[in-house]
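*Asks:* Fold the following for me, if possible:
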Amino acid sequence: MISHAIRLAALASALVATLTAPASAALSVGSKAPGFSLQATQGGNAFTFTLADALKKGPVVLYFYPAAFTSGCTVEAHEFADAIDQYKQLGATVIGVSHDPLDKLQKFSVSECRSKFPVAADTDQTVMKSYDAILPQHPQYANRTSYVIVPNGTIIYAYTSLDPSLHVENTLTALKAWKADQASGATP
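*Replies:* Residues are numbered from 1 along each chain as shown. Modelled structure (predicted):
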């Protein structure tokens, strides 16, 4: 009886640690970002988002999120929308990706993204899988993973945490450091 209780306590502790601890994203810094094109929407208007085209304009913040209109994803969308002017000042494009269908994302892009940045529909999870952004506990959803990709296609920052609170701050910090390196002549 006691050993069963100890095993249950250990299992519960391990589960809490797994769900609350940030993990590193699987695609490592320095890797080439996989190219993709997805149906996206901004302000309710559908279009095709292509990573290669976006990178011609500057860095891209690609963030994956589990599902539109869930609490953490709504918080994260609001935070990205609130910070969009800072991203623009750094020359960056922000794109959110989930498995949600485009019609659901058209509503999400208006209400939660406040028409400030696009969200894309990866209904077959091709892009989520290529970026290893699948939620292990629920593989039908994306993990909350953010990447910063610079114009030459290199990933300079990767972060995975179900807690949405640091994704905006961390990606902005990575972009600012990259801009500073660019100004001083460092590469990529």
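
*Asks:* Can you classify residue 138 as helix, strand or coil?
*Replies:* Following DSSP: H, G, I helix; E, B strand; the rest coil, we place residue 138 in the coil state.

*Asks:* Just give the nearest non-adjacent residue to it, would you?
*Replies:* Nearest residue to residue 138, sequence neighbours excluded (Cβ to Cβ, 6 or more residues apart in numbering): residue 66, at 7.6 Å. C-betas here are computed from N, CA, C, even on glycine.

*Asks:* wait, what's in contact with the one you found?
*Replies:* Taking Cβ atoms under 8 Å, 6 or more residues apart in numbering as the criterion, residue 66 is in contact with 72-73, 98, 135, 138, 141-144.

*Asks:* Now tabulate the residues you listed in CSV and tack on distance to residue 178 and pLDDT.
*Replies:* Listed next are these as CSV, based on distance: Cβ to Cβ, whole Å; pLDDT from 0 to 100:
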residue, distance to residue 178, pLDDT
72, 27, 92
73, 26, 95
98, 26, 97
135, 28, 93
138, 32, 94
141, 29, 96
142, 24, 96
143, 23, 96
144, 22, 96
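
*Asks:* closest to residue 168 among these?
*Replies:* residue 144 (11.8 Å; Cβ to Cβ).

*Asks:* Spatially, what comes nearest to the closest one if we skip its sequence neighbours?
*Replies:* residue 162 (5.1 Å).

*Asks:* What separation is there between that neighbour and residue 184?
*Replies:* Distance of residue 162 to residue 184, computed by Cβ to Cβ, to the nearest Å: 35 Å.

*Asks:* Distance of the residue nearest to the spatial centre of the chain relative to residue 184?
*Replies:* The chain has residue 63 as the residue nearest its centroid, 1.4 Å off, counting by Cα atoms, centre = their mean. Using Cβ to Cβ, residue 63 is found at 27 Å from residue 184.

*Asks:* Next: residue 132.
*Replies:* 32 Å.

*Asks:* And the strands in this structure?
*Replies:* 37-42, 45-50, 60-64, 93-98, 119-121, 145-149, 155-160 (DSSP state E).

*Asks:* contacting residues for residue 175?
*Replies:* 59, 61, 87, 90, 92, 148.

*Asks:* Let me know the closest of those to residue 114.
*Replies:* Closest to residue 114, out of all of the contacts of residue 175 and judged by Cβ to Cβ, is residue 87, at 13.6 Å.

*Asks:* Let me know how buried the closest one is, in neighbour terms.
*Replies:* Residue 87 has 22 neighbouring residues, counting by other Cβ atoms under 10 Å.

*Asks:* Please name the nearest non-neighbouring residue to it.
*Replies:* Of all residues not flanking residue 87 in the chain, residue 94 sits nearest, at 5.4 Å (Cβ to Cβ, 6+ apart).

*Asks:* Quickly list what the one you found is bridged to.
*Replies:* Beta-bridge partners for residue 94, by DSSP bridges, are residue 61.

*Asks:* Cool, thanks, signing off.
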